[in-house]
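> predicted model and sequence follow; I will ask about them next.
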Amino acid sequence: MKYSVLVLLFFVSMVINAQNNTNYDESKIPEYKLPDPLLMLDGGKVTDANMWMKNRRPEILHLFEEQVYGRIPGKLDISSFQVVEENSSALDNQAIRKQVKLKFNNNNKELEFHILIYLPKDVKNAPVFLAYNFYGNHSIVNDKDVLITKAWVRNNEQFGINDNKATEQSRGTRTNRWAIEKIISSGFGLATIYYGEVDPDNNDFSDGVHPLLYSKNQTKPKDNEWGSISAWAWGLTKAMDYFEKDKDIDDSRVIVMGHSRLGKTSLWAGALDERFAMVISNNSGCGGAALSRRKIGETVEVMNVRFPHWCCTNYDFYNSNENALPIDQHMLIALIAPRPVYIASAEKDKWADPKGEYLSGYYASPVYELFGKKGLSSTEMPAVNHPVQNTIGYHIRSGKHDVTDFDWEQYIKFANANLNL
Ligand code: GCU
């Protein structure tokens, strides 16, 4: 047998083995002690918001950069942007549509990605939900004028994607996840980007944004440098740079939202960039809102083996070794304080550990309290379909791993209550 086949078999057996060992039983969760977000590395106690912002927050941010997602190794500004298409009577004349191309150049390499923006016609300077999509901007809406991405797309027979190329057939195939009429009629804009234009979701560091910031002869990120989640988070911060230049958008009210791996990304982007006014994690699970030490559903090891490109190489050290982590995911939520953050779970999405997602919000709450804000006050989760909305919001809805109208309705309500709209 060829060596490469052996390697592949080994890899597949590791994944199957790890997945077969998945624990879904609360009584089998190992003993663990979470790191205290308010305890400095030198043992000092954080007593006020100023100390949190000046001393403890940077410490935790640095740990997530070095040990989990990987640091973005340099600065890369927009080289140029172009509104490639604009229409003021989109969505049955309810919205303005813009498609904006951002270009980046460095190391003799170029990257471009497109932001599809819908803004409510009757609102000046609209607040905006910013969220990545999985299959291309044209997949989120039934709108024949949305450009089809030329980037690598995951094959999906149902959507007619065969050789990693999107076609007309996938237009509007994901409308169920995007309550666009509701968003627009509630006075919000929606901006979306196909995540594969920023970095294709595969274990290959020769494509996407990474090569633009390589040093001489570098071919992959160093152990503490950015994986794909950090790369996608970078893309969101660049969309924010663009919003600062677009007078039709209220850049002080940009809500970064993401589902699943892109929920992990929205949390990380919200932590990295304080310009995001509000952050939403939809079913983000392991490496997102869920506490890693609970080891229930997906574990750090299973995620790192199946998706070795998402986090930085240093994170592998914590495979089946969660207690060695200097952080846990409640501290990722804490990095967003005092800004509003919403964590959403789904009842059937056990893989993402709904309880662990909830508890992250609960254990981040002492940091919100430093600012006089209310997080989640009980260790008990609320009942299914009964959202709790303080400065930390949470719900577990019925149904599976997905984004539904119910989810969007809560996000709109939460934004209205928390962003003084
Ligand atoms: C897989 C993965 C999760 C991820 C999800 C998704 O299930 O294990 O960590 O959140 O894909 O992005 O859809």
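Arrived safely, thanks for sending. Residues are numbered from 1 along each chain as shown.
> show me what counts as buried in stretch 54-62.
Within stretch 54-62, the residues that count as buried by 16 or more other Cβ atoms under 10 Å are 56-57, 60-61. Bear in mind the C-beta positions are built from the backbone N, C-alpha and C, glycine included.
> buried residues in stretch 25-41, which are they?
29, 34-35, 37-38.
> I'd like the next helix or strand past the helix or strand bottoming out on mean pLDDT in the chain.
Least confident helix or strand of the chain, by mean pLDDT, DSSP states H and E, is helix 3-20 with a mean of 62. As assigned by DSSP states H and E, the chain's next helix or strand after helix 3-20 is helix 49-51.
> tell me the contacts of Ile184?
Applying Cβ atoms under 8 Å, 6 or more residues apart in numbering, we find Ile184 in contact with 91, 94-95, 118-120, 190.
> buried residues, the helix or strand hosting it. List them.
Per DSSP H and E: Ile184 is located in helix 180-185. With burial defined by 16+ other Cβ under 10 Å, the residues of helix 180-185 counted as buried are 180, 183-184.
> got JSON lines for the residues you listed, with distance to the ligand too?
Formatted as JSON lines, the buried residues of helix 180-185 follow (distance: Cβ to the nearest ligand atom, whole Å):
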{"residue": "Ile180", "distance to the ligand": "21"}
{"residue": "Ile183", "distance to the ligand": "22"}
{"residue": "Ile184", "distance to the ligand": "26"}
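> in helices, which of the contacts of Ile184 appear?
If you go by DSSP state H, the contacts of Ile184 have Leu91 in helices.
> hang on, the earlier thing: now the helix holding Ile184 - C-alpha only, CSV.
Provided in CSV are the C-alpha atoms of helix 180-185 (Å, rounded to 0.1, in the frame of the first residue of the first chain):
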residue,chain,number,x,y,z
ILE,A,180,-33.9,39.0,5.3
GLU,A,181,-37.4,40.5,5.0
LYS,A,182,-37.7,40.5,8.8
ILE,A,183,-34.3,42.1,9.2
ILE,A,184,-35.0,44.8,6.6
SER,A,185,-38.5,45.6,7.8
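> count the neighbours of Asn323 for me.
A count of neighbours around Asn323, defined by other Cβ atoms under 10 Å, yields 14.
> tell me who's in contact with it.
Residues in contact with Asn323 (Cβ under 8 Å, 6+ apart) are 32-33, 293.
> what pLDDT does it get?
As predicted, Asn323 sits at a pLDDT of 98.
> just Lys295 next, same as before
So, for Lys295, pLDDT stands at 98.
> which positions in this protein make contact with the ligand?
260-261, 285-286, 298, 303, 351 (Cβ under 6 Å from any ligand atom).
> so which of those wins on neighbours?
Cys286 (28 neighbours).
> what strand or helix carries the residue of the stretch 301-421 of the chain found nearest the ligand?
Taking Cβ to the nearest ligand atom, the ligand has its nearest neighbour within the stretch 301-421 of the chain at Met303, 5.3 Å off. When elements are defined using DSSP H and E, Met303 is found to belong to helix 300-306.
> any idea how far apart the tips of stretch 324-342 sit?
With Cα to Cα, to the nearest Å as the measure, stretch 324-342 spans 28 Å from end to end.
> buried sites along that stretch?
Of all the residues in stretch 324-342, those buried under the rule 16+ other Cβ under 10 Å are 325-342.
> now swap in stretch 401-416 and tell me
Going by 16+ other Cβ under 10 Å, stretch 401-416 has these buried residues: 401-404, 406-408, 410-412, 414-415.
> and which of those is nearest Val198?
Nearest to Val198 among these is Val403, at 19.7 Å by Cβ to Cβ.
> isn't there a strand covering that closest one?
No. Val403: not assigned to a strand; according to DSSP: H, G, I helix; E, B strand; the rest coil it is coil.
> wait, it sits on His259?
Yes. Contact status for Val403 versus His259: in contact at 4.9 Å, counting by Cβ atoms under 8 Å.
> between these two, which contacts overlap?
Here Val403 and His259 share the contacting residues 177, 282-283, scored by Cβ under 8 Å, 6+ apart.
> which of these fall within strands?
Asn282 (DSSP state E).
> name the nearest of the shared contacts of Val403 and His259 relative to the ligand.
Distances from the ligand to the shared contacts of Val403 and His259, taken by Cβ to the nearest ligand atom, are shortest for Asn283, at 7.0 Å.
> what's around the residue in the stretch 101-250 of the chain that the ligand sits nearest to, how many residues?
Nearest residue of the stretch 101-250 of the chain to the ligand (Cβ to the nearest ligand atom) works out as Phe134 at 7.9 Å. Phe134 is flanked by 19 other residues according to other Cβ under 10 Å.
> which residues does it contact?
154, 174, 194-195, 262.
> with Asn142 instead?
Applying Cβ under 8 Å, 6+ apart, the residues near Asn142 are 171-172, 175.
> any idea which element Phe406 lies in?
helix 405-418.
> touching that helix from outside, list them.
Contacts for helix 405-418 (Cβ under 8 Å, 6+ apart): 127, 129, 179, 182-183, 186, 188, 253, 255, 257, 278, 280, 282, 340, 342, 344, 385, 387, 389, 391, 393, 395, 397, 421.
> Provide a ChimeraX selection command restricted to the buried entries of the residues you listed.
Those of these that count as buried under 16+ other Cβ under 10 Å are selected in ChimeraX with:
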select :127,129,179,183,186,188,253,255,257,278,280,282,340,342,344,387,389,391,393,395,397
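> sort out for me which of the contacts of helix 405-418 are in strands.
Using DSSP E, the contacts of helix 405-418 in strands are 127, 129, 253, 255, 257, 278, 280, 282, 342, 344, 389, 393, 395, 397.
> now the fourth one: how far from the ligand?
If I follow you right, that is Ile255. 20 Å (Cβ to the nearest ligand atom, to the nearest Å).
> do you know the pLDDT at that residue?
pLDDT, Ile255: 98.
> that one bridge partners, please.
Phe129, Met278 (DSSP bridges).
> for Asp246, see how far away it is.
16 Å (Cβ to Cβ, to the nearest Å).
> just the last one next, same as before
Going from Arg397 to Asp246 by Cβ to Cβ gives 33 Å.
> before we move on, the earlier item: pull out the buried members of the contacts of Asn142.
171-172.
> now, the contacts of Asn142 that are in strands?
Going by DSSP E, the strands hold none of the contacts of Asn142.
> format the contacts of Asn142 as a markdown table; extra columns: pLDDT and distance to Val141.
Output for the contacts of Asn142, formatted as a markdown table (pLDDT from 0 to 100; distance: Cβ to Cβ, whole Å):
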| residue | pLDDT | distance to Val141 |
| --- | --- | --- |
| Arg171 | 98 | 8 |
| Gly172 | 98 | 6 |
| Thr175 | 98 | 6 |
